[in-house]
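Colleague: model this:
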Amino acid sequence: MKNLLIVPIVAVFVYLLISSGMFENINSKQPTVKLPAVSSTVSRYVDVNDMRYLNKVEKYSPDLRRLATGLVQSCEGKYRLECSVEKIFNYVQGDVKYVGDPIGLELVQSPIETMMNGGDCEDLSILLSSLLSNIAIKSALVKVPNHMYVMACDLGDLKGYSTKSYETFNKRISLKKGQVFSIDLSRHEEFLIAANSNEAFDIIALAGKSNLNALTRHKQYNYYKDCSAFGVRNYRNTCIGQPRGVLLALRSNGNATVDIKIRDIKKRVPYEVHSYEGSECVMLDPSYKGNNVSIGMEMPKYINAKKKMIEVR
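Modeller: A predicted model of the protein is given here:
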């Protein structure tokens, strides 16, 4: 009779343990981040070392909130959250310098310290996650071997491309009398041109290569009037890309030295959207420096690395 009573008691005890979540991770499959071409194994278990980083994330700070809201004030409409992530990422990635830890030490800084002094990958990620948290954008710290970056999630509608502005062209060009120098801007949607010269020169936005050939052969050519000027020494204008593309030609009637800078205002840079636990997420690596780096880009060596998500709650 005692043995008959022990069996149901043990069964109830095991059921209560399972219900409590104590055995939740035993023999369970780890979630995966689904990429268009590859998948990376993800772990969510947070240990004591992870708390060093998580505790430095400031989810509410008047100073950080003031900075974040200022950065994203132009973002509105359907893609407001995606725009906000892009603006904040561009600030941390572009304006806050990367500084490694002292030899033999691992410093974990507050966001304000990082803004003042710069920081390594953990510090930049903590700053980025803090700024996102202060405007109610969900994020997680992403740990891979010897590196850390950020993932932003629940961003609503996504365009799937960034519009990061960066310098496309910056050169000093020496023109001899009658010489034509051309710059291909056919892939650009909108661009800012700034040029100055010691002598008068022509800047001509041509409609395709055939018109460039006609210009160099002194034949009749077609050009975009709104993005062209003749006999100037200084020129500054924002131009819109055209369906046939734009070839920008420089020409001088004398010997001229032209300093010209072209900044791409709106160029589509596609990025990968990650699926994580039913949410669409975007990877953000503020330590990945360079003018061509945008949201959604990971350093190539970490794309397939085992990832550990430290969710900021």
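Colleague: Looks like residue 261 contacts residue 194 (just checking).
Modeller: Yes: with contact defined as C-beta atoms under 8 Å, residue 261 reaches residue 194; the gap is 4.8 Å. All C-beta atoms are positioned from the backbone trio N, CA, C, and that covers glycine.
Colleague: host element of residue 204?
Modeller: Using DSSP states H and E, residue 204 sits within strand 190-206.
Colleague: Flag every buried residue along that strand.
Modeller: For strand 190-206, the neighbour count (16 or more other C-beta atoms under 10 Å) marks 191-193, 195, 197, 201-206 as buried.
Colleague: okay, who's weakest in these by pLDDT?
Modeller: Within the set of the buried residues of strand 190-206, pLDDT is lowest for residue 191 (85).
Colleague: Please verify my assumption that that residue contacts residue 239.
Modeller: Yes: here residue 191 reaches residue 239: they are 5.7 Å apart, a contact under C-beta under 8 Å.
Colleague: what's the neighbour count on residue 68?
Modeller: 23 (other C-beta atoms under 10 Å).
Colleague: Find the helix or strand that it is a member of.
Modeller: helix 62-71.
Colleague: Run through who's touching the first helix or strand past that helix going along the chain.
Modeller: Per DSSP H and E, helix 62-71 leads on to helix 80-95 as the next helix or strand towards the C-terminus. Identification of contacts with helix 80-95 by C-beta atoms under 8 Å, 6 or more residues apart in numbering yields 68, 71-72, 74-76, 124, 127-128, 131-132, 135, 137, 152, 154-159, 162-164, 282, 284-286, 288-289, 293-295.
Colleague: Show me those that map onto helices.
Modeller: Counting by DSSP state H, those place 68, 71, 124, 127-128, 131-132 in helices.
Colleague: Closest one of the residues you listed to residue 226?
Modeller: The closest of those to residue 226 turns out to be residue 71 (C-beta to C-beta; 31.4 Å).
Colleague: Tell me the confidence at that closest one?
Modeller: In this prediction, residue 71 carries a pLDDT score of 94.
Colleague: So what's the residue count around the closest residue to residue 169 other than its chain neighbours?
Modeller: Leaving out its chain neighbours, the residue that sits closest to residue 169 by C-beta to C-beta, 6 or more residues apart in numbering is residue 262, at 4.0 Å. Residue 262: 20 surrounding residues under other C-beta under 10 Å.
Colleague: I'd say residue 262 and residue 173 touch.
Modeller: No: counting by C-beta under 8 Å, residue 262 does not reach residue 173; the two are 12.0 Å apart.
Colleague: want to throw the buried residues of strand 190-206 into JSON lines with distance to residue 225?
Modeller: Output for the buried residues of strand 190-206, formatted as JSON lines (distance: C-beta to C-beta, whole Å):
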{"residue": "191", "distance to residue 225": "17"}
{"residue": "192", "distance to residue 225": "18"}
{"residue": "193", "distance to residue 225": "14"}
{"residue": "195", "distance to residue 225": "17"}
{"residue": "197", "distance to residue 225": "21"}
{"residue": "201", "distance to residue 225": "17"}
{"residue": "202", "distance to residue 225": "13"}
{"residue": "203", "distance to residue 225": "12"}
{"residue": "204", "distance to residue 225": "10"}
{"residue": "205", "distance to residue 225": "8"}
{"residue": "206", "distance to residue 225": "12"}
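Colleague: Any figure for the gap between residue 136 and residue 144?
Modeller: Noted for residue 136: a distance of 27 Å to residue 144, by C-beta to C-beta, to the nearest Å.
Colleague: likewise residue 78?
Modeller: As judged by C-beta to C-beta, residue 78 and residue 144 stand 32 Å apart.
Colleague: ok, now residue 106?
Modeller: Distance from residue 106 to residue 144, counting by C-beta to C-beta: 16 Å.
Colleague: now the strands for the stretch 151-300 of the chain?
Modeller: 161-162, 166-175, 180-184, 190-206, 223-240, 247-251, 256-266, 269-270, 274-276, 279-284 (DSSP state E, counting those that start in this stretch).
Colleague: which helices and strands does the fifth one pack with?
Modeller: Secondary-structure packing of strand 223-240 (3 or more C-beta pairs under 8 Å, 6 or more residues apart in numbering; DSSP states H and E): strand 190-206.
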